[in-house]
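[1] got a sequence here, can you build the structure:
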Amino acid sequence: MDTRTPLPASQQPIAMSSRRAVAAPAGLRLLQTAIGAVCYFVFYFVQQMAELFAPLLLIAGAAWAALPALVKTLTRSTASADPQAHDAIASVANAIPEQITLAGHELTASGLICDGLGLMAVAAVGATLAMLVGRKL
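    This is a model prediction of the structure:
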């Protein structure tokens, strides 16, 4: 049987972990969990959207950048075969725009590639933040 009397709170040794001494009220914990869940949803949603559109923009930009070079190569190869085919391919090559203005925004092949790479970076940041918030929940 232990006959020692407990020490008053002011004389008790300080523990390395003070979880026992500091307990957040239930309402505050619920609010923190709700905010964390909303942040996790937003980060994960942004990551998913960026992962969806990044490859599309990269492929569209690369195809748009490569198309004029391919058409010019085709024009050179058909120059000796058929003059009418050569004229048709040359008119198609001239019809490929270098930029498109869509709703006040100028789209270019290099711009689409840069946007795709930027979305890949956004996806990486979203994954990192979602993981960090997920650990806190």
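
[2] restrict the helix or strand bottoming out on mean pLDDT in the chain to CA atoms and write it as PDB.
    Ranked by mean pLDDT, DSSP states H and E, the weakest helix or strand in the chain is helix 83-95, scoring a mean of 76. Taking Å, rounded to 0.1, in the frame of the first residue of the first chain, the C-alpha atoms of helix 83-95 are listed here in PDB:
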ATOM      1  CA  PRO A  83       1.900  19.800-108.500                       C
ATOM      2  CA  GLN A  84      -1.800  19.900-107.500                       C
ATOM      3  CA  ALA A  85      -1.100  17.900-104.300                       C
ATOM      4  CA  HIS A  86       1.800  20.200-103.600                       C
ATOM      5  CA  ASP A  87      -0.400  23.300-103.900                       C
ATOM      6  CA  ALA A  88      -3.100  21.700-101.600                       C
ATOM      7  CA  ILE A  89      -0.600  20.800 -98.900                       C
ATOM      8  CA  ALA A  90       1.000  24.300 -99.100                       C
ATOM      9  CA  SER A  91      -2.400  25.900 -98.600                       C
ATOM     10  CA  VAL A  92      -3.000  23.700 -95.600                       C
ATOM     11  CA  ALA A  93       0.500  24.700 -94.200                       C
ATOM     12  CA  ASN A  94      -0.400  28.300 -94.600                       C
ATOM     13  CA  ALA A  95      -3.700  27.800 -92.900                       C
END
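
[3] just checking: what are the partner strands of the following helix or strand past it?
    Per DSSP states H and E, the first helix or strand lying C-terminal to helix 83-95 is strand 99-102. Applying DSSP bridges to the sheet, strand 99-102 is found paired with strand 105-108 (antiparallel).
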